[in-house]
Structures are given as C-alpha cells and as structure tokens.
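Q: 3D model of this:
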Amino acid sequence: MRYSVWVSSGYSWDDILSLSRHIETTGWDGVWIPDHFMPPETGYGNEPDPGHDPELDPVHEGWTVLAALAGLIPRVRLGMLVSGNTYRHPAVLAKMAATIDHISGGRHILGLGTGWQENEHTRYGISYPSHAELSGRLEESAAVITSLFSNTRSTLPGTFYQLSEAPLEPKPLQSPMPLLIGGGGERRTIRTAARYATHWNAWGSPATMAHKIGVLARHCDEAGRDLAEVGPSANSFLVIVDESGAGVAAREAMGDKGGLVGTPDQLRSSIDAYEQAGVDELVIASFNHTPEALLGALARFREIIA
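A: Predicted coordinates:
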C-alpha cells in the first residue's frame, strides 16, 4: 500500500511548501494538489461562521503550485487530483504535464477529471456542459493526451477536440506518462479509466471501492486490458479518535469520505479492508484540517501504519 497526502491549495504558499517538505522527508509516497479556483458555494462543510461566504476564501492556482513543488521537492510523486478537463484544452494540458515531468525529473502523474464544480464555471464564464458532454469530453481528452505522448504527430478528428498533425516535444521523461482518471461514474468515467489510464482514483469506503473496482475490472475486460494496469487509489479524510463509539459516529457522519476515521485499531482494520478491496494507494485529504492540525494527524497516522 502506498500513502499520499492531498495538500489543500487554500493553505498559504509557505504552508503548502513546508507541509510538502515534511511529507517528502517523513516517508510518504506522494503529494497531490487540487485543481480549483475557489471553494464551492456551500464551502467544505467546516466553515465556523454561518454568515461566511466560502467563495471568498483564498485558493492558489493548482498547476502553478505543482510546477513550483516539482522543482523544490526532490523525491515524492506529484500530481493534480484532479485537473478539471473543462479548464484547459487537452493538448495544452499535455504540454504542461510533460514540462512538469521534466522539472520533477520524471515524478509527475497527470490527474484528469471531468470538472465538476459548477460555480467556478459560472463565476469565470467557462462553459459548463451537460454531464453527458462532460463525460464525452473527458474520454476524448484522454485519447488526445495519450496520442500526443506516444506519437511524433497526432491527427484526431474528434467531436470536441480536433488535432491536425500535432506534435508534442519534448515528450515526458516517463514512457508511458502516467495518466490518472479521477471519478466514480460507473458507466463513463470508470470506462475511460479502463481504456486509457494507468491509475484510477475515487472517494470511497472499503466497501464502495470494492464494488467500483469490480466495475473497473469489467470495463478493463471489455477494453482488453488487465486490471493490474490501472492502479486504484482511494481518497479519505483522516480523523483519529480515542474511543470506538466516537469513531463509528464520525465515520457514519462522513459517509464515503470517512474511510480513515476512527481509533487506531479501526484505522488498521480499514486499511486491511482497502487492501483486500484492491486499493493500492490511500490519499489523505487535508481539507478538514488546519496546517498545524494536519501535521499532528499525519504523525499519528505514520505511527499507526509503522
């Protein structure tokens, strides 16, 4: 099992950098950054003031943060979890990803998802199509990106994206360039992961992930790929409590976002259940912690898994 941390881009740059350096030096496998321009209209559910406007909370641009970390953090894998497909043309995104792979010395994983946060589109005048179109665009983007990474020139007459003898140089250092598809949609998103991705990521309890990995396996069979080619990872908030009853209540309150909530013994059981489900990476989301509280939670978690 690999363990990574999803560092909030709402933290200050100094906190993002110091946290990432801490993660790199304390044995974690990866640092992930979200691709958002503002919080959702309803916030993340932990805002202390009912009159507070969460959209006004500071959020740094994720790809800029990622490029800086690629040059400053020397060991861990780095990626966006996940890049919103509607925000950038996939050919431009492929160019960005290849550049960061060079900056990082071949440690970048390109994370890609449909782009779900509607208020970012509305506020900035970015087109927000139907869910069916979002899914179609994601699949075409995955085809564009994999072709550009693999071929000298690419011509693709797609419905949403068209390439005409398009080059991409320099190619990423990694070959193939890792592509992660994020999202739990069973008919389209997981199918896209089965066809194109080397990694697939979603929120989910062990039971949910076991079910969705079964869906991924069926889509892999249809695509003529082995499930082992598409490594599943799961996101979860981390809440460590001292009493079993409190852990059960907290986990139930968080639903599928609380797979790593409970006492140390409950967390060990959850990790075992994730492994049995076929998850090969657990990603701890930081959004329910201040930077100081996150450091403490990560330290306790390392003790639990030692």
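Q: make it CA atoms for all contacts and neighbour counts henceforth
A: Fine.
Q: List the buried residues of the longest helix seen in the chain.
A: Counting by DSSP state H, the longest helix found in the chain is helix 131-150. Neighbour counts over helix 131-150 (16 or more other CA atoms under 10 Å) mark 134-149 as buried.
Q: Which SSE is immediately downstream of that helix?
A: Remark: after helix 131-150, the chain's next helix or strand is strand 154-157, criterion DSSP states H and E.
Q: which strands and helices sit next to whichever helix or strand comes after that following strand?
A: Note on strand 154-157: by DSSP H and E, the next helix or strand toward the C-terminus is strand 162-166. Using 3 or more CA pairs under 8 Å, 6 or more residues apart in numbering; DSSP states H and E, the elements in contact with strand 162-166 are strand 154-157.
Q: Show me what counts as buried in the strand it packs on.
A: residue 154.
Q: Could you identify the most distant pair in the buried residues of helix 131-150?
A: Using CA to CA, the two most remote members of these are 134 and 149, lying 22.5 Å apart.
Q: Secondary structure of residue 78: a helix, I assume?
A: No: counting by DSSP: H, G, I helix; E, B strand; the rest coil, residue 78 is not found in a helix; it is strand.
Q: My guess is it contacts residue 34. True?
A: No: with contact defined as CA atoms under 8 Å, residue 78 does not count as touching residue 34 (11.4 Å).
Q: ok, residue 134 touching residue 114?
A: Yes: contact criterion CA under 8 Å: residue 134 and residue 114 qualify, at 5.6 Å.
Q: Number of residues surrounding residue 49?
A: Neighbour count for residue 49, taken as other CA atoms under 10 Å: 8.
Q: the helices in this protein, which residues?
A: Under DSSP H, the chain gives helices at 13-25, 62-72, 90-104, 118-124, 131-150, 189-196, 206-223, 244-254, 264-277, 291-305.
Q: Most tightly packed of those?
A: Burial of the helices of the chain is given as mean neighbour count (mean count of other CA atoms under 10 Å); helix 189-196 ranks first at a mean of 25.
Q: That one - contacts with which helices or strands?
A: Against helix 189-196 (3+ CA pairs under 8 Å, 6+ apart) you get helix 131-150, strand 179-182, strand 199-203, helix 206-223.
Q: angle of the lowest-mean-pLDDT helix or strand in the chain against helix 264-277?
A: Least confident helix or strand of the chain, by mean pLDDT, DSSP states H and E, is helix 244-254 with a mean of 78. Put simply, helix 244-254 runs at 50 degrees to helix 264-277, going by axes from the mean of the first three to the mean of the last three CA atoms, to 10 degrees.
Q: Just give me how far helix 244-254 sits from the chain centre.
A: Centroid separation for helix 244-254 versus its chain: 25 Å, with CA atoms, centre = their mean, to the nearest Å.
Q: which strands and helices sit next to that helix?
A: The elements that helix 244-254 packs onto, with contact taken as 3+ CA pairs under 8 Å, 6+ apart, are strand 260-262.
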